[in-house]
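**Q** Provide a 3D model corresponding to the input given below.
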Amino acid sequence: MTVQFSQGFSNQCPLVSLKGYSLYYIWQGHPSEEGEKHSYQLKSKPDPEKVEVMSACWDGYTGSYQLSAEGRLILTQFYYFLPDGLGESDALLEELQGDFYLEFRTHFEGDQLYVPFTDGKVIDDQEQWIEIKRTPLDSKASKNNFFAWIKRVIPRRLFI
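**A** Numbers count the residues shown, from 1 in each chain. Model prediction:
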């Protein structure tokens with residue numbers, strides 16, 4: 001899978017520290033309950049004339065969000081990617097409502113951190129945050145495991 005662009009994120013809330021993390025997704029439903037998690041539906045919609053889908057940005061645009069000093073999340077812009085690489089943007093001001101989670105990552109395939117919001121306000125108690133450590137794939141170990149599996153499945157005479 002192609003590495004995806006993260007969303008823009010600015011933190012003005014002194015009670016929350018997200019250093020080393022980038023915002024990737026906004027989910028409704030609990031992150032660990034399969035089938036319950038779905039994308040947050042923004043009221044603001046991107047301009048379809050400006051959307052240019054590309055492998056690193058399946059949506060064809062990214063949002064820019066600000067966590068206010070009071071702990072509210074505000075969508076401030078949509079950024080669009082153009083064929084020559086330059087971006088356009090639309091200025092917005094949409095405060096997200098309800099219960100949702102922000103999914104942060106250290107990088108696209110890195111550790112994940114789910115930060116909950118209740119009634120549109122961040123839960124600053126880190127005990128309620130969900131962190132998922134992802135172990136990096138060791139390509140040498142993976143190759144060795146793959147070849148060991150192949151040797152068990154395919155008759156030995158093929159390896160002589």
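**Q** so where is the chain shaky, pLDDT-wise?
**A** Scanning the chain for pLDDT under 70 picks out the ranges 1-2, 83-86, 136-160.
**Q** quick one: the strands in it, in order.
**A** Assigned by DSSP state E, the chain shows strands spanning 8-11, 22-28, 38-39, 61-67, 73-81, 87-95, 100-105, 112-118, 121-122, 130-132.
**Q** between those, which gets nearest to K45?
**A** strand 73-81 (8.8 Å; Cβ to Cβ). From N, CA and C alone the C-beta is placed, and that goes for glycine too.
**Q** that closest one pairs with which strands?
**A** Partners of strand 73-81 in the sheet, by DSSP bridges, are strand 61-67 (antiparallel), strand 87-95 (antiparallel).
**Q** most tightly surrounded among the ones you listed?
**A** Ranked by mean neighbour count, the strands paired with strand 73-81 are led by strand 61-67 with a mean of 20 (mean count of other Cβ atoms under 10 Å).
**Q** can you list the strands of the chain in a markdown table and add distance to E49?
**A** Shown next, in a markdown table, are those (distance: least, Cβ to Cβ, whole Å):
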| stretch | distance to E49 |
| --- | --- |
| strand 8-11 | 21 |
| strand 22-28 | 24 |
| strand 38-39 | 22 |
| strand 61-67 | 11 |
| strand 73-81 | 9 |
| strand 87-95 | 10 |
| strand 100-105 | 28 |
| strand 112-118 | 32 |
| strand 121-122 | 34 |
| strand 130-132 | 38 |
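**Q** for stretch 24-39, list every residue counted as buried.
**A** 24-27, 29, 31, 37 (16 or more other Cβ atoms under 10 Å).
**Q** closest to W129 among those?
**A** P31 (10.4 Å).
**Q** what's the closest non-adjacent residue to that closest one?
**A** Using Cβ to Cβ, 6 or more residues apart in numbering and skipping the chain neighbours, the partner closest in space to P31 is Y114 (4.6 Å).
**Q** quick one: contacts for the one you found?
**A** 27, 31, 101-104, 129-132 (Cβ atoms under 8 Å, 6 or more residues apart in numbering).
**Q** same deal with Q112?
**A** By Cβ under 8 Å, 6+ apart, the neighbours of Q112 are 103-105, 130-132, 134.
**Q** what would those residues look like in CSV with distance to I123 and neighbour count?
**A** Formatted as CSV, those follow (distance: Cβ to Cβ, whole Å; neighbours: other Cβ atoms under 10 Å):
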residue, distance to I123, neighbour count
E103, 14, 20
F104, 14, 23
R105, 19, 20
I130, 11, 14
E131, 14, 11
I132, 17, 13
R134, 23, 12
